[in-house]
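Chemist: Here is the input, now give the coordinates:
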Amino acid sequence: MLVKEIMKRIPDLVCCLPTAYVMDAAKKMEDNNIGCILITDNNILKGILTDRDITLLVVADGRDPRKVQVREIMKTDIITGKPDWDLFEATKLMADKKIRRLPIQTNGKLEGFVSLADLAPVVKKELDSFLEIETASIGH
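Modeler: Down below sits the predicted model:
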């Protein structure tokens, strides 16, 4: 199975501009029940911001989230994947890099997004199917 078969796609991605305030980004996260938001400008990925970033870099530091712009705290060294990757390739990259979220791009343009929560049930199903086949072939 390929990443493009399970990834969330534009316009379903939750994004904000780098110039948005952290309070607005946090509100979008709350409204959409998500733990991170993609920072984009004209569908070009500029960064990623997580609820943990907000907690550690704004709240714990005593900064006002209504006055801190997202671009001040967003991560810009973003690891991305491609829509035509096999799910196991994406899963391996995420495990190797210890990341839970993977923006998907083609030629520098944001196309989608997958998280471990998206991958886990699909990978489990694929592994279960594989193990059933292997068990059946061994039994005969």
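Chemist: so how many other residues sit close to Cys36?
Modeler: 21 (other Cβ atoms under 10 Å). All C-beta spots, glycine's among them, are computed from the backbone N, C-alpha and C.
Chemist: can you give me the strands for the protein?
Modeler: Secondary structure of the chain by DSSP state E: the strands cover 8-9, 15-16, 36-41, 44-50, 101-106, 109-115.
Chemist: Of all the ones you listed, which one comes closest to Leu56?
Modeler: Taking Cβ to Cβ, strand 44-50 is the member of these nearest to Leu56, at 9.4 Å.
Chemist: Mind listing what's buried along the closest one?
Modeler: Of the residues in strand 44-50, those buried under the neighbour-count criterion (16 or more other Cβ atoms under 10 Å) are 45-50.
Chemist: quick one: the most centrally placed residue in the chain and Lys75, what's the gap?
Modeler: Centroid-nearest residue in the chain: Arg101, 3.0 Å away (criterion: Cα atoms, centre = their mean). Distance check for Arg101 against Lys75: by Cβ to Cβ, to the nearest Å, it reads 10 Å.
Chemist: same deal with Ser115?
Modeler: Counting by Cβ to Cβ - Ser115 and Lys75 are separated by 15 Å.
Chemist: Looking only at neighbour counts, state which of these two leads.
Modeler: When Ser115 is set against Lys75 and neighbours are counted by other Cβ under 10 Å, the residue ahead is Ser115, at 17 against 13.
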